[in-house]
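Undergrad: requesting a structural model of the entry that follows:
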Amino acid sequence: MPETTPDTPRGTAADWELDPADTDTCERLARDLCTGGQERVDSPAWVARARDAWEDLPPLLRRGVSRFRRHSGPHGTLVIGGLPVDRAALPVTPAVPGSVQRRATVPAAVLTMVACGLGEPLAYQAEKSGALVQDVVPVPGQEAFHGNAGSVPLSFHTENGFHPHPPDYVVFLCLRADHDRIAGMRVAGIRQALPLLTPAGRQTLFAPEFITTPPPSFGLDAAAGASGAEPRPVLSGAAEDPDIRMAQLVTTPLTPGAAAALTEFGRACEATARTLRLAPGDLVLIDNRVTVHGRTAFTPRYDGADRWLQRTYVTTDLRRSRDHRPHDGYVLDR
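TA: This is a model prediction of the structure:
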């Protein structure tokens, strides 16, 4: 990161904070994207406007995101504080299954501008109805759901590792913290965990001895359709700096050795994990290729002021998924 980056304020999860002038610039640009009353987040024309607006964001923010894109660092995670979320105008926290953000808002504009700086926004039709900006909120009756609608612990995973085109990055923006300020996003990167693995464990994790199926957020039909999934490795690429595809809930080892290696990998992630307790305005960039993430438990109150994150996926190469995207849009239909 730039040497001029501010120090992390005590008690926050942010690696650095925008200064007030830069926050104001971000908010002005975001509000410009919300003018007119009919702006739709999923419209290619609106995404094109957001891409242009990215160029006008504060240089320190753009420089930090660009450097993260080139190399995501030892943790594969960057947290930037002080982004605008228009707190005074926030509606009640959504509390329905499948909640998404279709209309342009300040937080959605911030997320989309940053997504365009990292690459291109991406979504999956089978998950959250293909929305580019998705709500991560607790839903009544789904407390035990192992996904973004739940409030029990969420185990480590990369996003959509079962898919031929998983996102390269996942970006979250915190709109509201939980009431008790105990909910934590847990992150663990392979660059920290790899030295803790035994040579045998590493070798097995590079072998195609694992099957990963769609997560619960994709629904039962997606899971049933993945019954013939091809075995894949958990780790791939450079031996000294590999990529990860794994979700503890839905990755199945096919041999006793694979089961032992997956358990070893889970222990290494636990030993090196960090817990981020986010505040409103915290923007989290996760390199989905080298970092797993999860969540600690918390207790929702369902009073309209519960924890509320918004999320978008990013790919660095939209072209590679062209056969999955009708009309060259941003949504993968299979």
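Undergrad: now the helix or strand harbouring A258, how far from the chain's geometric center?
TA: Assigned by DSSP states H and E, A258 falls within helix 256-272. Computed by Cα atoms, centre = their mean, to the nearest Å, the chain-centroid distance of helix 256-272 equals 22 Å.
Undergrad: list the buried residues for whichever helix or strand comes after it?
TA: Scanning forward in sequence from helix 256-272 by DSSP H and E, the next helix or strand is strand 274-276. Under the neighbour-count criterion of 16 or more other Cβ atoms under 10 Å, strand 274-276 has R274, L276 buried. Backbone N, C-alpha and C define where each C-beta goes, glycine included.
Undergrad: averaged pLDDT, strand 274-276. What do you get?
TA: Per-region confidence: strand 274-276 scores 97 on mean pLDDT.
Undergrad: how far out from the middle of the chain is it?
TA: 14 Å.
Undergrad: in the sheet, which strands lie alongside the helix or strand that that strand is followed by, parallel or antiparallel?
TA: Next helix or strand after strand 274-276 toward the C-terminus (DSSP H and E): strand 283-287. If you go by DSSP bridges, strand 283-287 pairs up with strand 77-81 (antiparallel), strand 169-176 (antiparallel).
Undergrad: now do the helices in the stretch 51-200 of the chain.
TA: 59-70, 106-118, 190-193, 199-205 (DSSP state H, counting those that start in this stretch).
Undergrad: ranking those helices by burial, who's on top?
TA: helix 106-118 (a mean of 25; mean count of other Cβ atoms under 10 Å).
Undergrad: follow-up on the earlier one: now the strands paired with strand 283-287 in CSV, with mean pLDDT, distance to E230 and mean neighbour count?
TA: Listed next are those as CSV, based on pLDDT from 0 to 100; distance: least, Cβ to Cβ, whole Å; neighbours: other Cβ atoms under 10 Å:
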stretch, mean pLDDT, distance to E230, mean neighbour count
strand 77-81, 97, 30, 24
strand 169-176, 98, 24, 24
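Undergrad: using CSV, lay out these together with distance to I244.
TA: Listed next are the strands paired with strand 283-287 as CSV, based on distance: least, Cβ to Cβ, whole Å:
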stretch, distance to I244
strand 77-81, 13
strand 169-176, 13
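Undergrad: how about the closest residue to A14 other than its chain neighbours, what does it touch?
TA: Nearest residue to A14 in three dimensions, chain neighbours excluded: G81, at 3.2 Å (Cβ to Cβ, 6 or more residues apart in numbering). Neighbour list for G81: P9, T12, A13, A14, W16, E17, L18, A279, G281, D282, L283 [criterion: Cβ atoms under 8 Å, 6 or more residues apart in numbering].
Undergrad: ok, A89 - contacts?
TA: Counted by Cβ under 8 Å, 6+ apart, A89 has contacts V106.
Undergrad: how close does it get to P107?
TA: A89 is 10 Å from P107, where distance means Cβ to Cβ, to the nearest Å.
Undergrad: to F298, which of the strands paired with strand 283-287 lies closest?
TA: strand 169-176 (12.0 Å; Cβ to Cβ).
Undergrad: run through who's touching the closest one.
TA: By Cβ under 8 Å, 6+ apart, strand 169-176 touches 83, 85, 87, 90, 93, 107, 110-111, 114-115, 118-119, 136, 159, 185, 278-288, 293, 305-314, 316.
Undergrad: now stretch 327-334
TA: So stretch 327-334 is contacted by 42, 44, 47, 120-126, 130, 132, 163, 165, 318, 321-322, 324-326 (Cβ under 8 Å, 6+ apart).
Undergrad: what residue ranges in the chain score low on pLDDT?
TA: 1-12, 37-38, 220-228 (pLDDT under 70).
Undergrad: got the buried residues for the helix holding A258?
TA: A258, A261, L262, E264, F265, G266, A268, C269, T272.
Undergrad: what's the answer for stretch 134-142, then?
TA: Applying 16+ other Cβ under 10 Å to stretch 134-142 flags Q134, D135, V136, V137, P138, V139, Q142 as buried.
Undergrad: list the contacts of the fourth one.
TA: When contacts are counted by Cβ under 8 Å, 6+ apart, V137 is found next to T93, P94, A95, S99, N148, A149, D306, R307, W308, L309.
Undergrad: just send those residues back as CSV, with neighbour count and distance to L196 too.
TA: As requested, the contacts of V137 are exported to CSV (neighbours: other Cβ atoms under 10 Å; distance: Cβ to Cβ, whole Å):
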residue, neighbour count, distance to L196
T93, 20, 38
P94, 18, 39
A95, 20, 40
S99, 19, 38
N148, 22, 29
A149, 22, 32
D306, 24, 36
R307, 24, 31
W308, 25, 35
L309, 22, 29
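Undergrad: ok, so of the residues you listed, who is nearest R70?
TA: L309 (25.8 Å).
Undergrad: check contacts around the closest residue in space to P121 that isn't next to it in sequence.
TA: Nearest residue to P121, sequence neighbours excluded (Cβ to Cβ, 6+ apart): A115, at 4.3 Å. Each residue near A115 by Cβ under 8 Å, 6+ apart is listed here: A50, P121, L132, Y169, V171, T312, Y313, V314.
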